[in-house]
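# I'll drop the sequence and a predicted model, then ask my questions.
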2 protein chains.
Amino acid sequence: MSDLLYIPPVLGVAGIILAFIIFALVKKNPAGEGKIKQIADAIHLGAMVFMRREYTVLFIFAAVLTVLLYIGFGSWHTPLAFVVGALCSASAGYIGMYTATFANVRTTVAANQKGASEALSIAFFGGSIMGLTVASMGLLGLGGLYLLFGANPEHAEAIHGFGMGASTVALFSRVGGGIFTKSADVGADLVGKVEAGIPEDDPRNPGVIADNVGDNVGDIAGMGSDIFESYCGSMIATIAIASTMASSSVAIMASGAETAETLMFLPLALASVGLICSVIGILVVKVFSGSDPAKALRIGTIGSTLLLMLAAYLVIQYFGIHFNVWLCVVAGAAGGIIIGLVTEYYTGGKPVRDIARGGETGPATVMIAGLAVGMQSVVIPVLTIAAIIFISSSLLPEGAGVYGVGIGAVGMLATVGITMAIDAYGPVADNAGGIAEMAEMGEETRAITDGLDEVGNTTAAIGKGFAIGAAGLAALAIIAAYIETISRKVEGFALNISNPEVLTGMFLGGIFPFLVSAITMRAVGDAAFDMIKEIRRQFKEIPGLLEGTAEPDNARCVDIATTAALKRMVLPGALAVFAPVVVGFGIGPEALGGMLGGALVSCVLLALTMANAGGAWDNAKKYVEKGNLGGKGSDVHKAAVVGDTVGDPFKDTSGPAMNILINVMAIVSLVIAPLLVG
Amino acid sequence: MSDLLYIPPVLGVAGIILAFIIFALVKKNPAGEGKIKQIADAIHLGAMVFMRREYTVLFIFAAVLTVLLYIGFGSWHTPLAFVVGALCSASAGYIGMYTATFANVRTTVAANQKGASEALSIAFFGGSIMGLTVASMGLLGLGGLYLLFGANPEHAEAIHGFGMGASTVALFSRVGGGIFTKSADVGADLVGKVEAGIPEDDPRNPGVIADNVGDNVGDIAGMGSDIFESYCGSMIATIAIASTMASSSVAIMASGAETAETLMFLPLALASVGLICSVIGILVVKVFSGSDPAKALRIGTIGSTLLLMLAAYLVIQYFGIHFNVWLCVVAGAAGGIIIGLVTEYYTGGKPVRDIARGGETGPATVMIAGLAVGMQSVVIPVLTIAAIIFISSSLLPEGAGVYGVGIGAVGMLATVGITMAIDAYGPVADNAGGIAEMAEMGEETRAITDGLDEVGNTTAAIGKGFAIGAAGLAALAIIAAYIETISRKVEGFALNISNPEVLTGMFLGGIFPFLVSAITMRAVGDAAFDMIKEIRRQFKEIPGLLEGTAEPDNARCVDIATTAALKRMVLPGALAVFAPVVVGFGIGPEALGGMLGGALVSCVLLALTMANAGGAWDNAKKYVEKGNLGGKGSDVHKAAVVGDTVGDPFKDTSGPAMNILINVMAIVSLVIAPLLVG
């Protein structure tokens, strides 16, 4: 067994090396000259400046938490794991974003000089660096810590700190990046498209560079750390559940194996084979990329998932673990695909056309229709989550059911390498289109990048649904681990809904998702307001700007978005981290458990509603822009633009913050659990 | 004791008689002539036609349920209670609405002929008929059934059927009425105000009569049955909790009394004194109505609440019940006022001006700001509910805590007579204004009715917050009663969140509020779409309509709204009633309990978000219309109108449906509880 423990970190190192090789290949492609280079450099610089400032705030916050953890635990194990988790998450985000700002302009140049197939290759490889980095950093960091602490029961709980570090970074990246990207996007669109009547990504618009920077900091770095924390969270939770399982259950579950250690190692083993499946999937996409891009991406994703199911079967057989555990992996992996497909329907199918048709009677009916679509879209994904819980727990013996839920989450997330690659491909393609437009590279180039972007939008929608489902299951597993941890020390501990403390906690937990959504929506609204004023000012005060004879002051707009993001991300972050501490120590572990339950349900529901309403509005606008219902410039189009603008913070700021909020709350609770009963 | 049992039904009869006396007084006022009479008759007729058709559908649904209940229970007790509950609720709604359609036109005429003070009197008395009827029907129906079944433990559970009858009627009235009123409102506004540029309530607009009919069927009949079911639900639940309380707890709680019967009777006793307090409050409003209307309404409400606290102290002392039970009454009553005041702030204070200012950058920023306000507004009300739960259960001995929660809900709802009166006053005043506008009665009359309407909007907002808080607590008490009922028969029954069945149920429960919101929003959207097409058609095809020389075809619009409401109210109603049955019998009582928990949290959160966002958008529009930020006709105004239009189904259709949804699900579960374990 102990030799096997080296596999995850070693695979992690191999994955990172592979990512660097891909980066070197991407970088070899021509990066353009003159105006193109100038624009790409501005985006790269803006993104790097933001990241540096964001990480400075993050560093201070993390340093405070490290000290608090040291004081709380009186040992260096948990704080160390926290720091490692935060570093792994931050570097995954940084590497992914750094490389994406190289891939975007090279995609544009390839679209201009070599055609669609080559452009797809570069964009997808650009995204896959992020995918590989996320998966590899997880295996390296978590696998390494497991090697260090896993065998020693005294310090086994310290590993939870890794999840807390990853989640804290994720929350700041997601919220900060989300506020940045959407305040720039909303501001640039409202003044540029609606007021000045100039196209999207027009170089005269001072907010456009900020908008393109936002794609990188929000949709790449933010998304990367979001998925990273679910990925690691699901593994940590499953390890924790296995470690607290009664030995009678262990005996049934792992009849061929000696100890609970096999069950504890399984999530890492699954993630390891998942990384290999992802790499194969990435190669498959490359092979098929010559034909239909949408098909290539689909074959890659579904292929890796099927491969994972096969590989998981062999792994589980090898370890002599109960056959039904494999069914949990299958349920999780299949559930991820179902949720993704439902998301695709709601953000691409008939509902989108219904929303667009709502535009015939103005923006109000677009809003009503979109909100209804978002709310309705929760039904099947939540039923799927409920089914995974129910199936996993029915398949396994009494007392081991939650282990099945954890393994289901791991099964959904094991192929994160390719899922994340496809997710990150979207903003790279989007950026490539933006650069083509700004550099005025002509219709033909723009047509290619538009095609890539459109495919990216669909895959991004699937990725978002998947991220929510995975985050929900991961959080659930972490909550289960929290309950087990407390139960081990408190006889008869139970989260009974009729216990007033639990109930109070449930209501308190329900508040947070709504409050954090309100804060982040308002942050985007306020920052967009400032952005709009600045862009209007520049149009008015810079002579020749609208005529194209003068340059806009892009840096001012980047600065407005940066300042807003940094100022507004602290409160939601602090709320998420400290609320469990206050409730746990202030009222008690029962109230904290209830709070996690209430927050989980309402986070998942809000996240799905916001992500899908936002995605559907976005595509309804695109549907009209393709010439339907009057096309661009019609009243229906104007109404659809309003929907899209409201959808922006829904789908890219507040909605995704929900995934992380529940995971942060859950992992902080798990970390402090030993102190609550100590 | 047994003599006291006659008091509630006798008081109920007295209250109904008083309501009829007030009606006779209102009716004596002049009803106008010519055009005024014609308009008033059209509204009255439209409302009555709708009610008849709605009650026909309701009758069929109720008949099916009665048969199913008879089959399920094999006795006539529960089905009888169900029928009585449904009849009481339906007649309260019918009487309230019938009389309101007399009061509205008389308010207009009084405003024209006698001035503001007299007009306020009539409008408020018109509303108070509804208030008295709701409170009296509850005391008569529930008090009567308690007299019949209460003493016999074998049939005590049959009384739950009363709540189910009331809730079923409420759900249909609220959803049907809500769809009717908002499809008419949205349709009439979008074509009239935005497209044709004619004022609100202009007689040329064919949708205006339907809009005014909608105020009566949605805001009066719908609201009445909504509050009725919370009122009765809280009493039924508290009775059920007291009846299942362990005798050791009873001994501590009611040391001066012999049996649990005292504790069971307490909710009816509190409601009885509450009715008297309400009548006093109504008289107080009448006395102060000469000066400032807002002040008069406020003194009446807060005065009755203080009076109730005093009276409750005496009642609790008289029965020899634990002093802390009185503190639960105070917590509930005070909580209701806190929630109301918070609602007033969010729908009338700084947030409203912020939303209006969002209009400077278009409708999208109005939407974002409003949604953020709605989401943020949940914080204090939900904290208040959590505090009431926590305080009530800490004050009472172990095992009796949930009784305190039930009593808190009863305390909040006991003065329903005056709360409902003030609530119903709003739409009467609104209608009076509509009639004045349609009958072209001049600036001066319109100024008076506008003044009354404005006061009504604020009080209605407070009433809505109150209704949500009360419904949440009532549902909670019913859920507690459900758990107690099952626990009595199943040893060790517990709703443990870490039990996968409970967790599955929680996720399932979370779905329903979102699904029902989606269905009702979409129903309003679709019906408004048909309405808009019809109004546009009439403007185009009826020569002279826009010039005011031809009459619109009002009946067609009323018919569109009626058909849409009746067709679309069945699915949400059936979902709410049958979902608990399917989950309870299909998965089990644990899953059903979890479902109620998940649904409760998400219903309360969504209800508050929707009601407050809707109210805030409405008032932001009014703020602009008063001449701020450019005033009527400006771009800011157009943006604010979009917000208001989206807010319409939020605050008057989907939001209020949440209150009832959770109560229907809870009471159905309580009713079937004996069958689940039988």
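Nice, thanks for sending it over. It should be emphasised that the depicted structure is a prediction, and the values quoted were computed from it without experimental measurement. Residues are numbered from 1 along each chain as shown, chains lettered A, B, ... in the order given.
# Show me which residues of stretch A:270-288 are buried.
A:270-282, A:284-286, A:288 (16 or more other Cβ atoms under 10 Å in any protein chain shown). Backbone N, C-alpha and C define where each C-beta goes, glycine included.
# Now find how far off-centre it is within its chain.
19 Å (Cα atoms, centre = their mean, to the nearest Å).
# Let me know whether A:Cys512 touches A:Phe578 as I believe.
You called it Cys, but residue A:512 is Phe. No: look at A:Phe512 against A:Phe578 with Cβ atoms under 8 Å: they stay out of range, at 11.2 Å.
# Compare those two and say which is more crowded by neighbours.
A:Phe512 (24 against 13; other Cβ atoms under 10 Å in any protein chain shown).
# who's in contact with the more buried one?
Listed by Cβ atoms under 8 Å, 6 or more residues apart in numbering or on different chains, the contact set of A:Phe512 reads A:Leu575, A:Ala576, A:Ala579, A:Ala599, A:Ser602, A:Cys603, A:Leu661, A:Met665.
# Number of residues surrounding the fifth one?
Applying the criterion other Cβ under 10 Å, we find 28 residues in the vicinity of A:Ser602.
# Identify the residues contacting stretch A:215-224?
A:43, A:47, A:50-51, A:54, A:92-94, A:96-97, A:100-101, A:104, A:130, A:133-134, A:173-174, A:176-178, A:180-182, A:420, A:423-424, A:426-428, A:430-431, A:434, A:460, A:463, A:467, A:652-653, A:656.
# Give the ChimeraX command for selecting the buried subset of those.
Buried residues among the contacts of stretch A:215-224 (16+ other Cβ under 10 Å), as a ChimeraX selection:
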select /A:43,47,50,51,54,92,93,94,96,97,100,101,104,130,133,134,173,174,176,177,178,180,181,182,420,423,424,426,427,428,430,431,434,460,463,467,652,653,656
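# just the contacts of stretch A:215-224 that are near chain B?
Cross-checking the contacts of stretch A:215-224 against chain B (Cβ under 8 Å from any Cβ of the partner chain) gives no overlapping residues.
# I'd assumed A:Leu270 was in contact with A:Val315.
Yes: between A:Val315 and A:Leu270 there is a contact at 6.5 Å, judged by Cβ under 8 Å.
# Most neighbours of all the contacts of A:Phe512, which one?
Result: A:Leu661 is most packed of those (other Cβ under 10 Å), 33 neighbours.
# so what's A:Gly434 up against?
Here A:Gly434 is in contact with A:Asp201, A:Val208, A:Asp211, A:Asn212, A:Asp215 (Cβ under 8 Å, 6+ apart).
# so is the last one in a helix, a strand, or just coil?
Spelled out, it's A:Asp215. For A:Asp215, the assignment made with DSSP: H, G, I helix; E, B strand; the rest coil gives helix.
# Any idea how many residues pack against it?
There are 28 residues near A:Asp215, going by other Cβ under 10 Å.
# go on, the first one?
Around A:Asp201 there are 22 other residues, counting by other Cβ under 10 Å.
# That one - that's part of a strand, no?
No: counting by three-state DSSP, A:Asp201 falls outside a strand, being coil.
# Pop out the phi and psi values for it.
phi 60, psi 20 (degrees, to the nearest 10).
# Distance check, it against A:Lys540.
21 Å (Cβ to Cβ, to the nearest Å).
# ok, now the fourth one?
A:Asn212 sits 23 Å away from A:Lys540, going by Cβ to Cβ.
# Compare these two and say which is more crowded by neighbours.
A:Asn212 (33 against 10).
# in what helix or strand does that one lie?
A:Asn212 is part of helix A:208-214, with elements assigned from DSSP states H and E.
# can you tell me if that helix touches chain B.
No: using Cβ under 8 Å from any Cβ, helix A:208-214 stays clear of chain B, coming no nearer than 15.6 Å.
# That helix - contacts with which helices or strands?
helix A:35-73, helix A:160-189, helix A:416-438, helix A:554-568 (3 or more Cβ pairs under 8 Å, 6 or more residues apart in numbering or on different chains; DSSP states H and E).
# Export those as JSON lines, with columns for distance to A:Ala364 and mean pLDDT.
Listed next are the helices and strands packed on helix A:208-214 as JSON lines, based on distance: least, Cβ to Cβ, whole Å; pLDDT from 0 to 100:
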{"stretch": "helix A:35-73", "distance to A:Ala364": "36", "mean pLDDT": "93"}
{"stretch": "helix A:160-189", "distance to A:Ala364": "19", "mean pLDDT": "93"}
{"stretch": "helix A:416-438", "distance to A:Ala364": "29", "mean pLDDT": "91"}
{"stretch": "helix A:554-568", "distance to A:Ala364": "28", "mean pLDDT": "92"}
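# So which of these is the most surrounded?
Neighbour counts (mean count of other Cβ atoms under 10 Å in any protein chain shown) averaged over each of the helices and strands packed on helix A:208-214 peak at helix A:160-189, with a mean of 32.
# what's the distance between that one and the middle of its chain?
Centre-to-centre, helix A:160-189 and its host chain are 9 Å apart (Cα atoms, centre = their mean).
# in the stretch 1-150 of chain A, what residue is nearest chain B?
A:Phe50 (22.4 Å; Cβ to the nearest Cβ).
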